[in-house]
Structures are given as structure tokens and as C-alpha cells.
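> Need coordinates for the below:
(4 chains)
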Amino acid sequence: MSFPLLTATAAVPAIGAVATAAVPAAQRAAAKWTALLFSLATLVLSAVALVRFDPDGGQYQLTESHDWIKDFGVRYELGVDGIGVVLVALTALLIPFIVLAGWHDPDRLETPSGGDSAAGRRWRPTQGFFALILMVEAMVVMSFQATDVFLFYIFFEAMLIPMYFLIGGFGDGAGGRAEGAAANARSYAAVKFLLYNLVGGLIMLAAVVGLFVVTNEDLGSGTFSLQQIAEARSAGTLSIATTTERLLFLGFFFAFAVKAPLWPLHTWLPGAMGESTAPVAVLITAVVDKVGTFAMLRFCLQLFPEASKWATPVILVLAVISILYGALVAVAQKDIKRLIAYASISHFGFIILGIFAMTSQGQGGATLYMVNHGISTAALMLVAGFLISRRGSRLIADFGGVQKVAPVLAGTFLVGGLATLSLPGLAPFISEFLVLVGTFSRYPALGVVATVGIVLAALYVLVLYQRTMTGPVKAEVRGMPDLRVRELAVVTPLIALLIFLGIYPKPVADIVNPAVDHTLSVVDKKDPAPDHPATDAGWFRYSPKGDHAPGGDK
Amino acid sequence: MSSAPSVHSLWMTAAGPRDKIPTPHIEYGQLSPVLIVVGAAVLGILVEAFLPRRQRYAAQLFVSVVSLAAAFAAVIALAAGDYGTSKAHVAAMGAIAVDGPALFLQGTILLVSLVAVFTFAERRLDPQTHGNRVDSFAAQPAAVPGGEAEEAAVRAGFTSTEVFPLLLFAVAGMLVFPAANDLLTLFVALEVFSLPLYILCALARRHRLLSQESAVKYFLLGAFSSAFLLFGIALLYGYAGTVTYSGIADVVDGQVSRVDPALAQTMGNDALLLIGGAMVLVGLLFKVGAVPFHMWTPDVYQGAPTPVTGFMAAATKVAAFGALLRLLYVVLPGLRWDWRPVLWGVAILTMLGGAVVAITQTDVKRLLAYSSIAHAGFILAGVIATNKDGVSSVLFYLAAYSFVTLGAFAVVTLVRDAGGEATQLSKWAGLGRRSPLVAAVFAVFLLAFAGIPLTSGFAGKFAVFKAAAEGGAGPLVVVGVIASAVAAFFYIRVIVLMFFNEPKADGPTVAVPSALTTSAIGIGVAVTLVLGVAPQYFLDLASQAGVFVR
Amino acid sequence: MENLIGLLVAAPLLGAAVLLCGGRALDRVGHWLGTALAGVSFLIGAVLFADMLGEETSDRALHSHLFSWIPVGGFRADVGFQLDQLSMTFVLLITGVGTLIHIYSIGYMEHDERRRRFFGYLNLFLAAMLLLVLADNYLLLYVGWEGVGLASYLLIGFWQHKPSAATAAKKAFIVNRVGDVGLSIAIMLMFTTFGTFAFAPVLSEADRAGEGKLTAIGLMLLLAACGKSAQVPLQSWLGDAMEGPTPVSALIHAATMVTAGVYLITRSGAIFNAAPDAQTAVVTVGAVTLLFGAIVGCAKDDIKKALAGSTMSQIGYMILAAGLGPIGYVFAIMHLVTHGFFKAGLFLGAGSVMHAMNDEVDMRKYGGLRRYMPITFATFGLGYLAIIGFPGLSGFWSKDKIIEAAFAKGGTEGWILGAATLLGAAITAYYMTRVMLLTFFGEKRWQPAPDPHKTAGIEPGAEAHPGELPHPHESPKSMTIPMIVLAFGSVFAGGLFSLNDAFVNWLEPVTGHDHGDSPLSAATVTAGTMVVLVVGVALAWAQYGRRPVPVTAPRGSALTRAARRDLLQDDFNHVVLVKPGEYLTRGLDRVDHTLVDGAVNGAAASVGGLSGRLRKLQNGYARTYAVSMFGGAAVLIAATLLMRAV
Amino acid sequence: MNPVNYLYLASLLFTIGAAGVLLRRNAIVVFMCVELMLNACNLAFVAFSRLHGNLDGQIVAFFTMVVAAAEVVVGLAIIVTVFRSRHSASVDDASLMKL
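I've put the predicted structure just below:
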């Protein structure tokens, strides 16, 4: 068998986590560099996977398959389709930036050298911070690669733990509260995050058990392997009763909807993103939450096509509510990070809308959206993080006129914002428009309502920009340094990527499309055909009125 | 086994002419695990009697460790000799079954007790008194707390090394309990492992009043429950005319008509059987700590010396569930449609009750007590499955759970302040700052309790839920996950407390243990992770061991 | 040749990239670079134009397909340019006026330390605008469409430290976004209807789709046009947009960007032709706006705002013309071009005046400036004559045609529209005369410069001496030359175009043309126009020429007061949209905390409470425990027996 | 006479014992009640043994007595210790641990 590329892609960050954690307390810098190196190594591996992936090849590629827990019918099965490989690449791409952006975040937790030595020796926040980030990366990558439901579930759940410590353990002291209060708010947010997702996960566990029982009845031996289940379905040996399928679907979907998050299961996100440091917030919204939407595509639709179609109307409505609700609430936020969080809720609404519109534009757009939203939010949130760290406050009201003192920072912030409101020419526009078109072509009304979201997006982004960056320079803002080299190194590539993918998304689209088409074929849905397909008539030339009555088709 | 009414075991020979008495035939080899432990226990008594104080500790430790290890080896040997599978049969003239479940559970119990011995023998945690290393047991349990007698004993450096033989006796009883193949043996075994536990509970060095109180409660309630058990046995006997499992089972299945028509027409129906079965169930449910027979658990767990608590929590559950399984799968399978609904109710009550009440606990040991109740509920879900997977999943869960519990309580012994162990949760605040390692280890155990993937807890939970679902108890699974969600909350709470709260100024210190406790905890962690990541081997073991002999 | 089209866009884009990313090092040469690149793209445009003239009328269009942009399923968007007569007209206008205004800005922004960025933005605007008019499909057009929106946002808010500017910029962008919703929905409709949204197939097969669909598309396109071209009901942003530097107002908010709506409608002619209802909507919007803008223009004392009102009204003319269908397309574009010349000229003149008057914008504080700044006066005057449609000048030709076309629409509709256009012409004459008189004639009403902190940095170019009277002076060459050039345009362009219908023949292959059946002869219409023109001028003279003008505005009639407040548009928006919006967002935020979140927390709390209560059962008394055991046993037994019974 | 009556008696004794456990405070008495329950079981065993005509029941009864004796040893030991340290044999006094 060939080199287990996918396993390696997941293993490298895991090893990196251990290595980073092992760095002695004294050498903080070493820990940081270790983490950065391993994350870059992962990036390289994922790039290799991206290259080796053949869009026209089979559905799952670079597959690995071993027995794991026979009694549970669990196999160690990895494989990526176009969607998976792209998202793995996205994850691997973002982590180095997150590490780089969080370079100094844990410093404030380091006990001053005066502290009691014994504790000082054992308490190693820096190592912990970066180790946890890498651990999360490993688990996320695994869940993108797993083609065995159980295997996926394990990492889907396990990743909560490191995330939980990241959120609860490392905040930016910018809440404008006493450290004690801040700590309470942090742990509240962390617990909320964990419980929401844990409950979702446990409900899913029930469904997973159910899936096992179902397969066990029909196939003799229970299995979680997507391929096997798909084959069994097509062979007709596996037939799930409608009610059962719907229940199972709900079990799965609930977990993913919490993770995504979909209104009204979203309330953990603002807290989590608000209380954690900016890089961690990016980790949550740009990386971890993607697992939820990704899983909807891969598991909900492919395992339970019928139930998915059955649930579609409700889900679409919820998605649209998320879009508008998130955007509207974002406008009212006083805290930069919470604002971005609600913006993300709105964006996840778009993604879910696209997935369940069940058109190739919708799902292709949704997948691109996952990528673009990852990058754009990262850009916006990380710059916001730099801003916050300078001022020591997250409150919009504490800023003003930054543009005057730190033009580059303001500029990058604006670009991030424009990406968030999906300005044409930047990557998110394409995905958002695809989602809208995809939805519109099947559900015009919903499409129109959702389109209103783009106005609201403009509203919250520009209000944020105006209040923080423009106007007379606030006294506290005076003398705020502009972006440093490290920070530029974080932001510039992201912005470049946004522009590039905005102008030439074809490479990604080409990888994604076949996977999307496959998903659609599973739920056997076809794109609605245009009413009057227009053949490209070479060149338009005006022909005087009267040759043909208006509405000639009547 | 012949199904004649007047059969059976070694001690129940039919009345009749002398020459009819068969010479009892006993397979000593197959009973060796039990015999070894009992022998060692007796030896321990002798040690207490004849060795000078100074040498007892070492001797007792040696005896216990060696005997337990030997017994474990014996179990392995039996298993290797296919006594678990093909050669499984009933030994000692029908008194004791030697089959898969029995061997698996005996093995588990022996390992657990071995680890427990380590925690019993730990002498580094308490500060030395008068230059003597002391363990967690009272210098002179008979002495009045705080009285001169105790003072003297402490000054003299007495230690109650009797705990080791007591432990061994208890282990002996536990070994027999799940293997018992007739109700009398069941009862005797129950008492044999209960009585030493009652005493052990009373032996704490610190907080002696609590310790004694726990002993009283445990004893009285235990006796009460065993009375129920016994009466149930009596009724079953009255119904079937025999106390052997197989005999009763035959009658239940109607292969043998009930002996006494007079009784039949008076009682009319299976009242005897049903009531009897129910009362026996009560006795066993008490031991596993199922709601509403659980109320002793928190008090006893809290009051007993922590090593004892750990041992009880782990080993007793294993033994009791073993017995429960055998009773339900061997004696009463014919009655499935009667007891399953009842157990459904009990299981639901237990899962939810344990989880919900645990939320508001303020003492680590009580918290763990309630969590053990909740877990009893999960295991019951597996028991209810009444299929082969049910058995194996319960076996696996027990193995996984017992080590986590033992480890967790071992960690509790480490966190101490002036008054001994600091078990108030509030004192654990910021432990993660003071000693990240200990906190992390405890976090691992908590996560295992919570059933987070990649820990043994998850594998076990999945196994029992899977079995339950297959056994048509889907709703039970749903209740199960809800309960787990509730339970997750308080495990998380502890983690938050340890890692995210600022340490208190007068917070507890973490004692540096000797190799004994260290290894105990280490084993706990190892098993937790191994069973979490690569459970296949043990699952195979459990499923091979999943068949009861009749 | 095709490849040149790409360069057309690339040149200014490159400029923008370099100027915005390049550091302070470029501060010295930035403006030159920007201007040069604008000039380059103008030259390219000229070359292409010459080439195009060489071709046959029938195949003058050029097409260059660059690369496939978004291929997903049946959804294929390409990046491709098409250059036909229509686009060419715009290219020349944009690059030409654009270049001139670059030059003007060199002088105008001389003292602004952020001049480099200003030129970067200008270049960005040029690129986006060119992309808009060159795109060969609606989605690419959309990119340019929002691109110019962005540029305008950046330029309106160029002096961001001024809250009013920042707010105006935000307002402009958001109002435009509303229009963009229309455009996106239109594109989606096209996709679902035709399976494509490239110009060629959609337009050539438009009428095969049902009229209902086409009407929907048309209305959506109209919505988009309203946003971009500041037509009622999305007009409110244009007035505030005057917060931007004057060259910006001239280029973006007078000559080019705001006319994009006209381009969109003309380009989509085929769709509108087949959707009469949509056309009716278009002409209505146009008519309403041309009056609305004119009325506002009459009441404003701020010279730029007055001109803004006029712009709005003039675009109203164009939209109306475009709404007339083949009768009007050509004239819409023609007026668009001429308007580009004279309105840009007027704005530059206004800028020059403000430059001279310490950035005073209130016309009531001008007066008698003709002696102090002759060139400005001359160019401004010519622009004035052009816009009111003084015979022979550009405005005359184009506007007159539109009025004719309006009548030619026929039926009552024709009469109404004609009347509206005539009325508009009269008002135009009135308010432009007013501007003229207030600014250049009459006695001096100059006021001491307001103290700097009020105008702090409004136009860093101005060295304001508080308490001193301004010393008006003619502006530097870099500013006057563009004004002169534009003045030429304002004078002769119209005539040139009308020379044996040159312009009509030029555009006809693209937009089509038809004369309609006017109930009135051209002569009659012209005569009528003359009459209303004279009336308007006379009125203005009577009011502002004869007697002295009060420095502080009189209270004025209710209408005047309303008009000063842009006919209460903002108050309307405030009451109908802004306030409710604020309440909604705040309310939802509270809902999020209390209801959505509260539900979850509540559930958790209730479980906790339950736990607390159950916990009480554990009262420490062994006997209680025994009771529970006993009870449990009893229940268990009972249940077992029950199971058997049932 | 009907052998079932013995059974009724046994159950009666058992119930009395149980009631005692639930009602009495003195640990010793509670314990005695438990013993009473055990003996009720014995009675049942013997009665059944007679009914079934085999000796198993009687033998069980012997074992029960032994076990009961053992319980007494342990139980009294514990109760006495508690009594010495608290000077009270009331079960209700031993309620430090609750909630």
C-alpha cells in the first residue's frame, strides 16, 4: 500500500502538539516556533494531497482502510472527495496564520518570574496554547477525512475538549472588566460552548447507534463505512424505513446544526468568540464550525437523502432566518468580536441555505463559501484582534479615527470588511452569489428574502468601520502603532488570497464540482432547467421593434 | 445437571439411607482462584496473630499482592484452558459456575483488587506522626476518636494491617458472587464480601465519626437488603423446590412441573416466582446502587476511607452486576417479559436520578458516588438488552468503569489539606494551576466518566447503548444520552473549577505519593486510554466470554 | 485590437494597485503616475475609436474573451469584454473627463498629505467604471457596478476624520446596495429564465420569454438604476455625497458613475422593449426625479448641493428618455455625454470658486466674483448656458431631442411626459440662473472665514485666515485648463453630434432608433422650450438679479423649506426605515439574550432546581433510606405482578 | 393443616421485622429486627422444605443462622464502636452526612 498521506496530514499536527507541549517552560519562543513549523509541515502535506487529488477521479481518493473496532463495525477509513480535500487545505492554510497571529496571546498568562517557582515550573500556558491549537487542527483534519461515520463522530466530539480549554483558558483581557469577572465570563462561554456541542453530539450518538442497528439488521454486520452503506443502498440490500431514516437524520442534523451554528442553536457562538482571543475565535468560526456544515453535506445528505429532502423546507426557512437575524443582531452589537460572531451566524445561514437548496450552484457555492468565509473572517477577525490588543478593549465605542494614526491597519480592516459584505471582486462574492442563484432557481421567494441580507451585511460592516476607523482621533487611540511585520505577514497573504479567489476561483470550483454533482445524484435532484434556454447567438444586434411581439412564446 | 427435585450440590444431599450419599467431588483446580484468595486471607489472619507489629505491614502487603497475582494467573490459566468457552461447566457439584462471564469478571475483580491493595498500602500521603509512616486507616479502630487510647496507639505507631486480610476475604466473596450457581451460594458469597466491607468502612484515620457513621448505615441497610434477598430466595425455593439456577430455570420454562399441587392450587399462579424473583432483584439492585435502592451510596462513599471507597465502588459493582446478569440470563430468562419492563423503569430512574442529583453536589466523593449511580443506570441498559451483546457489553463496561473509578478515587487521596483529604469541591479551585499534571489526570478520568470519545468510557457507553438498541430498547438509549448530557455538565464543572478558577490562598496541596498510588493511578490512566483507543481485543474477550453455562 | 480592451481597464487598475500598496515613497510622484495612467487608457480608447470608425457600421463591435470565471453546473460566468459603439461612447467620456479631472485634482489636492491615495482611488474608479461599461455579461457588469460604488464610498469619505463625510460615504454605499439587490435579483431571474446572463444570448432572445418575466427583470434593473443614478426613491444619497472633494463630485457624481443607470437601461433595451409596463415605470421614475431634483436645486444655497440637485434632475431626463424605448435611447446617451461635459465643467468651476473663497460653499456669501476670477466665470458661464439649453450649445441639442421624444411617445402619456420635461426645463433655467447670479453677479457678500476648527481640514488646500475676508484669486493652470477644455465640450459637443444625426447613426446599430410619431412638430417643441427657458431665467432675474440678496436665507415658503431639506427625503427615510431599524436590531439583540438564550439557560436552571429538591431527600437518616428501599421493593413487586396481570 | 399458613406467618414476621427497621431508632433494636426478618426467611425455608419433601430448605436455614451469627459479630462491633464515640445508639443521631 502507498504512503498514507491523509493519516500523515492528521498525524503531523498531532505530533506537533505533543512536541510543543514537551518544550520546557523556559523556552517559550521555542514552543512557538515548533508549533509554527509543524503547522507549516501540515500545510505542505495538505498541498500535496490537493495536487495528488484528481477531480475527475473516483469519489473518494487517497483512501486508507483498516479494521479498527470490529465489534462496533468501525473501520479506520480515510478518504477525501473534492469538498473534503479543499477544506483540509483550508484548515492547514489557516492554522499557521492563527499561530502567527496568536504569537503573544498566551504571554499575559505566564506567571511573573516572581511567582512561586514550583508552580512556575509546571504552569506552561504558552506551550499549552499552541499545543491545543495543533491538537484541534489534527482532529478537524481527521473529521474532514473520515469516511467512516463512527470515526468521524469520534473526532467530531473529541475536538471539543481542546477547543474548550482554548476558549476558557486564554482570553484577551479586553472585556473592560476585572480579571475575575472576565475569568467567569470566559469559563461561562467555554462551558456553554462545550455543553451545546456535547448535547448535540450525544443526540447524534443515539442516531449513530441507531444507524448501526439498522445496518446490522439489513447487512448482517453493522457498518459505518460510507462506501459500504452507499453500495448496500444502491444494491438495495439496505433499506431504511422512512420514519427511522427521518429520526436518524434529525439526530445527525441536530449535532451539525449546533456546530454550524444554525438559528436558534447559535447562542453559544457570540460568547465563545467574544471571550476567546482573536486567533481562537478564528479557529472556532473558520475551522471548527466548518465541520458542521461539511458534515451536513457529506453525512446528512448522503446517508439520508430522503429524510434530507423531507426536512428541507424547515431547514431552508431556519437558514434564511439565520441570515437576516444574524445580520440584524450584528448591527446592534457594541463589541467588535461579538459583531463578527453574529456576522458569521449570518454567513453560516448562507452556507446551509446553499447546501439544502440542492442545486449544483447552491452546494458548489456553499462549499466555496466555507473556504471563502474561512479566509475572509480570518482576515477581518485577526486584524480586529491586532486592533483590540493595541487598545486593550473590544468595545467599538472605545475606538475612533484609527484610520488617521494606523492607515495600513485600517486599510486591511476595510478589505476584510468588504470581503465580509462580499464585495464583487473578492472571493466571498462568488460563493454568496452562487448560493443565492442556486436557492433562487428552486425557491425564488427564499432567494429574494435572502438577498436582502447583502444590504444588512453592508450595514453592519460599514457601521463598524465608521465607528472604529473614521471620525476625529480618540485620545486613547493616539500613538497607536500601525501593523508590525509579523502582523502584515499574517494579513497580506490572506488578502491576496481573497483577491485571487475572487478573480479566478476556477481551480477550486473544478475540484469541488464533481463532488457536488455526486451528492446531488445521491439525493437525485437535478438543477431546474431554464424556461427559455438561450443559445449563444454570437452577437447581439438590435432588430427593430415589431419583428416579434413581446412574449413571443405566448 | 439432572433436573430431579432432590439433587444437588455438595451440601444438599437428599435425605435417605446412608449409602446413597454421594462423595462430594470438587474440582479444586477450577476453583483455585477463590481458594488461593481465601487461603491468603487466612494466612493474613495468622500473620496478624503471630508476627510482631513492625513486620506485619510488609508481610501483609506481600501476601496480598502475591495471592491476588497468583489468583489472577490461575484465572488466566483457566481461560487459556477454554474453561471460559468450550469447557465451561458447573463445578463443585453445581455450586459454582466456571464459564466465560465468571472468569472474565473474576479476572477483572482480581486486577482491580490488586490495584486497590496499592492504594490501601500507601503510606506517604499523610504527614508522619511521631516518626511513623501512616496510611489512611485508623491506628486503633476500636479506640474512641480523640481519646487517650487512640493517642497512645498513634504514638506507639500502631497501624491496622488487618485491612489486608479483610480486603482478601471481601475479594474471595466477590469472586464467588458472580460465579454462584445456586441461590444459597449467592447469599453466602454476598455476606462474605459484605461483612468485611462494613468493617473496612469504619476504619478511616481522619474524620472517624463520618467513617463510623457510614459503616453503620452501610451495615444496617446492607443487612436489610440481604434479608430481602434471602426471603426472595425462600420464595423461589418454595416455587421450584430447588435453589439451583438450572433447576429453577427448568421449572420456570415448564420443563419440570412444580412439585406440590397443594401449593399450586393455593397460590394459583406464579406469585411465588414473581415475588421471589423481585425480592432477589431488590437485594442485587441494592448492591449495584440502583435508584431507589441507592441512598446508602453517597453517604458510605463519602464516609469510608477513600481507598476503600475506590475498592467498593469498583469491585462491588463488578461482582453485583455479574450476579445480576447470571440471575437474569440463567434463572429468569423465561420471565423476561415480566422483569424487563420493571428494569426499564429502574434503569431510567437510575440514569436520570444519579445524573440530576449529582449536579448540585459539593463534595468530590459524593459527586463520584452519584456518578457511579448514573453509571449503574447505563449498565442496566445493557443488562436489559437480554442478548449476547448485552452480556459482553456489560462485561466490557464493568472492566472499563472499574479502573476509571479506582483511578479517580486514588487521585482524590492526593489532594489534601490540614484536615486530611480536601474533598470539598470548592477547595479544588485552581488545582490545574498548582499541579497541572494531577489535574489533567483527574480530567482524563472525568472525561472518561462523561463518555468523551477516545476514552474507555465512550467505548463502554457505546457498547451498552448499541446492545440496548439491538435488544429493542431504543427509548432507553435516548434517555441514556440525555442523562449523559446532564452528567457531562457536572464533570465539566469540576474541570472548570480545576483549570479556569483562580487558586484559593488556603487551597489544598497535592501530596507526592509513593510508587504504589502512582502506579495505581498510572494503571487507571493506561487502561482508560487503551480501552478507549484500541478496545477491540477486550471486546473480543468480552464477547467470547459472553455465554453463561447452565 | 481586442487585446487593447483589456489594457483599457488594466492601466488604471495598475495605477490603483501601485498607488494604494506603494508606500510614502510614491507621495512625490503619485499624482503624476495616476494622471499618466488615466491618460494612457484615454489614448487606448482613442486608438480603438479610430479603429472602430474604420470598420463597417455593421461590425464595429469588438469582443475579447479573457477566461472562464465561475463555472458551476449550468452556471457559467466568463470574464470577457465587448466594445461596441455604446461602450465606446462611455469609454471616451470616462477616460476623457477622467483624465481632465485627474489633471484638475493635481492642483486642487496639492496641499493634502494623502494626495497619493486620492489618485489611487480615482484610478480605481476609472478601472471599475470601464469594467462596468465593457463587461460582456451582467455578472461582470455587476462587479464594475459595485466597484464604482466602492470607489465612490472611498472618495466621498476621503476626509474620513470629518464625521459628516464618513456618514455620507456609508449612506451612499448602503443606498446603492439596495439598488444592487435589484441587479442581483435581475441576474438570477435571467439565469432561471435563459440559463445565462451574457448580453448576447439574453438580449437577442429576450422577447421569447414571457412578458411577465421580462417585466420583473426590467423592474429589478430599474431598481438598480435608481440606486446608482440617484433616482427617486433611492435619490437621497447624492446630496450628501457632496461631502467628497469637488473633483470627485464632478467626475463620479456628475459626469460618469451616476449615469451608469442610464447605461444599464439602454444596454438592456431589448428587455424593456418587450416589457411595456417596465418602461412605464422607468419613464415615471425619470419624470418624477427630473422635477424632484430641479425643485431641490432651486432651494439650495450650498452651490454643490444645488448642482447635485441639477444632476439628479438631468439624469431624470436621461432615464425618462431611456424609458421611451428606441425613440429615446440615443438621446438619453447623447444627453448623458453632453451633460458629462457641462456638468463636470460646472462642478470644477464651483470647486475653483470654493478654492478661492476659503471653502465657503454658501452662495449667499459669494457675489460679484466675475471680476476676480474671469476664467472660472467664463467656463462656468458657458456650462450654464449649455445646461439651460441655450440655443446652439450642447444642452440645447440633447435636451430638446428628449423633450421631442417625450411628446413623440404619443397618447396622454406622451403629453404628460412632454409637459413634465418642459416644466423641468423651465425650473432648470430658473435655478441655474440663480446660481449664476448669486455667485458671479451682484455685490460682494463675502464673510470672514469661519474659524479653522470648524472647517478643520475640510480642504487642507485652503489656508484659512480666521476673521479675514477671503481674497478671491484665479485658480492655477492645472485647474483652469480642464475647465476650459470642458467648456469647449459644453459648447460644441451637442452641435457636433447633431450634425446630420451623426450620433444617431453611430448608436443605432446597438440601441436601435425610431422617430415615433410626435403630435407636435420639432419646431413647435423648440419654440416651447425657448419660451419656458426665457420664463425661468426671467423669474430668477426678478428674484435675485434686481434686488440685493440677503446673506442669511429668508424663511421662505413651506415648499422652499421642504426643498431645502431635499423635500424631506431624509426625514422620510429616518421615520420609515432608520428608526424602526434601530428598534428592530436592538429588540432582536435583547430577544437573543432573553428568549433564545434564556430558553436554554432556563432549562439548565430548572434541572438544577430539580436536583436541589431531589437532593433534600438524602437527609442523612438511615431509616429514610430504608423506607425508600422498602417502598422501592414494594413497587417493584407490585409492578412485576402487574406485568403478569396485564 | 394447610402448609400455606406457615408461609403467611413467615411473611407476617418478615413484615414486622421490616416495620421495625423502618420505625425503631435504637440501632440494636433495628438490628434485631433484621435478625427477625432473617428468621422469617428460615421459617419459610423450613416450611417449603417440608412441602417439597427435600431437605434443601432446612440446610439453607442452617446456613442462614451461621450467616446471621456472623452478621451479629460484625454488626455489634460496629454499633458498639459508634456507641462509644457518640454515647448514643440512635440511628438518627448518626446523620452527619446528608444532601
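
> Which elements pack onto the helix or strand encompassing residue C:631?
If you go by DSSP states H and E, residue C:631 is part of helix C:622-645. Using 3 or more Cβ pairs under 8 Å, 6 or more residues apart in numbering or on different chains; DSSP states H and E, the elements in contact with helix C:622-645 are helix B:208-240, helix B:271-288, helix B:336-358, helix D:4-23. Every residue, glycine included, has its C-beta placed from N, CA and C.

> Could you tell me how far that helix lies from the centre of the chain?
On the basis of Cα atoms, centre = their mean, to the nearest Å, helix C:622-645 sits 82 Å off its chain's mean C-alpha point.

> how many neighbours does residue A:373 have?
Around residue A:373 there are 30 other residues, counting by other Cβ atoms under 10 Å in any protein chain shown.

> cool, the one 4 residues further on as well?
Using other Cβ under 10 Å, the number of residues around residue A:377 comes to 29.

> can you check residue B:35 too?
17.

> Now do the SS call for residue A:76.
Of the three states, residue A:76 takes strand under DSSP: H, G, I helix; E, B strand; the rest coil.

> Same question for residue A:66.
strand.

> quick one: residue B:143 and residue B:154 touch, right?
No. Counting by Cβ atoms under 8 Å, residue B:143 stays clear of residue B:154, with 9.2 Å between them.

> Just send the helices and strands packed on helix C:622-645 back as TSV, with mean neighbour count, distance to chain C and mean pLDDT too.
Formatted as TSV, these follow (neighbours: other Cβ atoms under 10 Å in any protein chain shown; distance: least, Cβ to the nearest Cβ, whole Å; pLDDT from 0 to 100):
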stretch	mean neighbour count	distance to chain C	mean pLDDT
helix B:208-240	27	5	93
helix B:271-288	25	4	92
helix B:336-358	22	5	91
helix D:4-23	18	5	91
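
> Redo those helices as JSON lines? Include distance to residue B:525.
Compiled in JSON lines, the helices and strands packed on helix C:622-645 are given as follows (distance: least, Cβ to Cβ, whole Å):
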{"stretch": "helix B:208-240", "distance to residue B:525": "28"}
{"stretch": "helix B:271-288", "distance to residue B:525": "25"}
{"stretch": "helix B:336-358", "distance to residue B:525": "23"}
{"stretch": "helix D:4-23", "distance to residue B:525": "43"}
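
> Go through those and name the closest to residue A:103.
Closest approach to residue A:103 among those (Cβ to Cβ): helix B:336-358, 41.2 Å.

> Which neighbouring elements make contact with the helix or strand following that closest one?
With elements assigned by DSSP H and E, the helix or strand that comes after helix B:336-358 is helix B:364-384. Counting contacts by 3+ Cβ pairs under 8 Å, 6+ apart, helix B:364-384 packs against helix B:271-288, helix B:296-303, helix B:317-326, helix B:336-358, helix B:388-414, helix B:456-470, helix B:474-500.

> Let me have those helices in CSV, extended by distance to residue A:217.
Output for the helices and strands packed on helix B:364-384, formatted as CSV (distance: least, Cβ to Cβ, whole Å):
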stretch, distance to residue A:217
helix B:271-288, 31
helix B:296-303, 38
helix B:317-326, 25
helix B:336-358, 20
helix B:388-414, 13
helix B:456-470, 9
helix B:474-500, 13
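
> tell me which parts of the stretch 301-450 of chain B are close to chain A?
Listed as neighbours of chain A in the stretch 301-450 of chain B under the rule Cβ under 8 Å from any Cβ of the partner chain: B:392, B:433-437, B:447, B:450.

> can you tell me the average pLDDT over whichever strand or helix holds residue C:397?
Per DSSP H and E: residue C:397 is located in helix C:394-408. The average pLDDT for helix C:394-408 rounds to 90.

> Spell out whether it and chain A are in contact.
No. On the criterion Cβ under 8 Å from any Cβ, helix C:394-408 is out of touch with chain A, staying 13.9 Å away.

> Name the residues of the helix holding residue C:631 that come out as buried.
Of the residues in helix C:622-645, C:622-630, C:632-633, C:635-637, C:639-641, C:643 count as buried by neighbour count, 16 or more other Cβ atoms under 10 Å in any protein chain shown.

> Please work out the angle formed by the directions of it and helix B:208-240.
Compare the direction of helix C:622-645 with that of helix B:208-240 by axes from the mean of the first three to the mean of the last three Cα atoms, to 10 degrees and you get 20 degrees.

> what are the C-alpha coordinates of helix C:622-645, in PDB please?
What follows is helix C:622-645, C-alpha atoms only, in PDB (Å, rounded to 0.1, in the frame of the first residue of the first chain):
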ATOM      1  CA  ALA C 622     -30.600   5.600  57.700                       C
ATOM      2  CA  ARG C 623     -34.300   5.000  58.300                       C
ATOM      3  CA  THR C 624     -35.300   7.200  55.500                       C
ATOM      4  CA  TYR C 625     -33.100   5.300  53.200                       C
ATOM      5  CA  ALA C 626     -34.600   2.100  54.500                       C
ATOM      6  CA  VAL C 627     -38.100   3.500  53.700                       C
ATOM      7  CA  SER C 628     -37.100   4.300  50.200                       C
ATOM      8  CA  MET C 629     -35.700   0.700  49.800                       C
ATOM      9  CA  PHE C 630     -38.800  -0.800  51.300                       C
ATOM     10  CA  GLY C 631     -41.100   1.400  49.100                       C
ATOM     11  CA  GLY C 632     -39.000   0.600  46.100                       C
ATOM     12  CA  ALA C 633     -39.200  -3.100  46.800                       C
ATOM     13  CA  ALA C 634     -43.000  -2.900  47.200                       C
ATOM     14  CA  VAL C 635     -43.400  -1.000  43.900                       C
ATOM     15  CA  LEU C 636     -41.000  -3.500  42.200                       C
ATOM     16  CA  ILE C 637     -43.100  -6.400  43.400                       C
ATOM     17  CA  ALA C 638     -46.300  -4.800  42.600                       C
ATOM     18  CA  ALA C 639     -45.100  -3.900  39.100                       C
ATOM     19  CA  THR C 640     -43.900  -7.400  38.500                       C
ATOM     20  CA  LEU C 641     -47.300  -8.900  39.400                       C
ATOM     21  CA  LEU C 642     -49.000  -6.200  37.400                       C
ATOM     22  CA  MET C 643     -46.900  -7.100  34.300                       C
ATOM     23  CA  ARG C 644     -48.200 -10.600  34.600                       C
ATOM     24  CA  ALA C 645     -51.800  -9.500  35.300                       C
END
